[in-house]
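Participant: Show me how the following folds:
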Amino acid sequence: MNGAAGLDADARDVVEAAGHFRIYLGAAAGVGKTCAMLGEAHRRAGRGSDVAVAFVECHGRRVTQNMADGLEVIPRKTVSYRDRNMQEMDLDAVLARRPEVALVDELAHTNVPGAGRNEKRWQDVLELLSAGIDVITTVNIQHLESIADAVERMTRAPVRERVPDWVVRRANQIELVDSSPEQLRRRMMHGNIYPAERAAQALENFFCTDNLIALRELTLRFLADETDEELLARLRQHQPNVVWETTERILVAVTATKSSRDLLHRAARVAARVRAALDVVYVTAGDSATESDRGMIAQLRELAGSLGAHWHEIEDEDPVRAIAQFARQHQITQIVIGASSRRRWHNHMGASSKVARLIDKAGDFGIDVHVIASREQAAPESHSSAGPSRDLSSPDGTELWAAATSGR
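Facilitator: Numbers count the residues shown, from 1 in each chain. A predicted model of the protein is given here:
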């Protein structure tokens, strides 16, 4: 996510400015997100709101095209790219027109090079919101940064366009547009989603029943988390002195390895489910990091920012001590480490059990330690010091946990 690298806390606050932000979220293409957005636009226009289409992608679907009739359309920008003329949203034209409500389809879209100052459409949306323009947009669940890798493994299809979770979670309203897998497959067979020549291949691959069931479950779980957050916000408003479960804080310890990307995604999903803050800790021993290590750490730091996590680098010869001290000082309730990290610590510090040491130190403060098996392993290792195992598998079935419950 190169476009997210330069964003800071002030940039994230633009979503909470005068512009109101509404997202129609679906499990896959064809559920009806764009039609739902257009229906809302007609309702608002009927109530007297100034509504304009900044960019709506009909994909040649007649029903969608018919629903767009009667709405003002702001002319698109034509960009020449690789000997083709491509059409993109004209951000400056929308800002100059300044409607009350702008329809911006496909939030995860990557803009054609040369189309404007922003690489991603979600960055265009942030500019509209900061200008006080209400935005209604659409996105599929697989484009969320914390979910995209799991969807890739499940569907075996690359997810190249991604949206930082914090952008979606800052929406004032997230509306579910749902459709059963059976209904979606019927629409596909009838040519209502993809052209007939693409439909057969899609039905055998991404749109197979198992994939659609899993994508739908991911979408419903995400929406359930959002609803729970709204409820807790109301409870805190009326009973501000009560401590709710959102006080959980999770720490994930990463190393300069590729497996830490997967570990970070898993920890982010777990943190989201329990409404917990996520801190990412990288412990370095002086100037021991190689050029390759520094490159990997830069990638992990950027990923942590996209996931809404807080990044911390600590210099200490003893990673176990550094992690335990940080956890105590920051009121961490759960520590997450990866099996690959355990091997790295083993090489870094000697033969004693680093997992056992961390469990002991964390247990002194009543902190749980979770050891996540590397997905390269055929089966999770057992650790007698870790106590009873429990299954905390994600919807895609990739997460195998050995949980060390240290006196809580």
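Participant: SS state for I250?
Facilitator: Here I250 is recorded as strand under DSSP: H, G, I helix; E, B strand; the rest coil.
Participant: So it sits against Q334, correct?
Facilitator: Yes: taking CB atoms under 8 Å as the definition, I250 is a contact partner of Q334 at 4.8 Å. In short, each C-beta sits where N, CA and C put it, glycine included.
Participant: Just the residues contacting stretch 325-342, thanks.
Facilitator: Identification of contacts with stretch 325-342 by CB atoms under 8 Å, 6 or more residues apart in numbering yields 247-255, 257, 259-260, 262-263, 266-267, 270, 276, 279, 281, 312, 314, 323, 354-355, 358, 362, 365, 367-374, 376-377, 380-381.
Participant: Would you map the strands across the stretch 101-250 of the chain?
Facilitator: Under the criterion DSSP state E, counting those that start in this stretch, the stretch 101-250 of the chain contains strands at 101-104, 134-140, 173-176, 249-254.
Participant: Would you map out the domains in this structure?
Facilitator: 2-234, 245-404 (automatic domain parsing).
Participant: circling back: using PyMOL, define a selection of the buried residues within the contacts of stretch 325-342.
Facilitator: Restricted to buried positions by 16 or more other CB atoms under 10 Å, the PyMOL selection for the contacts of stretch 325-342 reads:
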select buried, resi 248+249+250+251+252+253+254+255+257+259+260+262+263+266+267+270+276+279+281+312+323+354+355+358+362+365+367+368+369+370+371+372+373+374
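Participant: In strands only, show me the contacts of stretch 325-342.
Facilitator: In strands, defined here by DSSP state E, the members of the contacts of stretch 325-342 are 249-254, 279, 281, 312, 314, 368-372.
Participant: out of those residues, who's nearest N192?
Facilitator: Taking CB to CB as the measure, N192 lies nearest I372 of these, at 41.0 Å.
Participant: List the single closest residue to that closest one in space, sequence neighbours excluded.
Facilitator: Distances taken as CB to CB, 6 or more residues apart in numbering put G338 closest to I372, at 5.2 Å, once the chain neighbours are dropped.
Participant: ok, back up a step: which one of the ones in strands among the contacts of stretch 325-342 is nearest E302?
Facilitator: When the ones in strands among the contacts of stretch 325-342 are ranked by distance to E302 (CB to CB), V254 comes first, at 12.6 Å.
Participant: can you tell me how far that closest one sits from I133?
Facilitator: For V254, the distance to I133 equals 38 Å [CB to CB, to the nearest Å].
Participant: Contacts only, for the nearest residue to V252 once chain neighbours are set aside.
Facilitator: Closest residue to V252 apart from its sequence neighbours, by CB to CB, 6+ apart: A267 at 3.8 Å. Counting by CB under 8 Å, 6+ apart, A267 touches I250, V252, L278, V280, V336.
Participant: between those, which is closest to M37?
Facilitator: Of these, the one sitting nearest to M37 (CB to CB) turns out to be L278, at 31.2 Å.
Participant: Near that closest one, how many other residues are there?
Facilitator: When neighbours are defined as other CB atoms under 10 Å, L278 has 24 of them.
Participant: can you check N66 too?
Facilitator: 12.
Participant: circling back: need the contacts of A267 in JSON lines (columns: pLDDT and distance to A54).
Facilitator: Shown next, in JSON lines, are those (pLDDT from 0 to 100; distance: CB to CB, whole Å):
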{"residue": "I250", "pLDDT": "93", "distance to A54": "38"}
{"residue": "V252", "pLDDT": "96", "distance to A54": "38"}
{"residue": "L278", "pLDDT": "93", "distance to A54": "33"}
{"residue": "V280", "pLDDT": "97", "distance to A54": "35"}
{"residue": "V336", "pLDDT": "93", "distance to A54": "41"}
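Participant: coming back round to it: next, show the common contact partners of I250 and Q334.
Facilitator: Between them, I250 and Q334 share these contacting residues under CB under 8 Å, 6+ apart: A276.
Participant: what does the model give the residue nearest to E317 when sequence neighbours are not counted for pLDDT?
Facilitator: Leaving aside its sequence neighbours, E317 sits nearest to A285 (CB to CB, 6+ apart; 5.1 Å). At A285, the predicted lDDT confidence score is 80.
Participant: Could you check how many residues crowd around the nearest residue to H109 once chain neighbours are set aside?
Facilitator: The shortest distance from H109 to any non-neighbouring residue, by CB to CB, 6+ apart, is to R121 (4.2 Å). Here the count is done by other CB under 10 Å, and R121 has 28 residues near it.
Participant: Give the full set of residues in contact with R162.
Facilitator: R162 makes contact with M1, A108, H143, L144, E145, A148, S306, according to CB under 8 Å, 6+ apart.
Participant: let's go with 10 Å and repeat that
Facilitator: 1, 3-4, 108, 110, 120, 122, 142-149, 306 (CB atoms under 10 Å, 6 or more residues apart in numbering).
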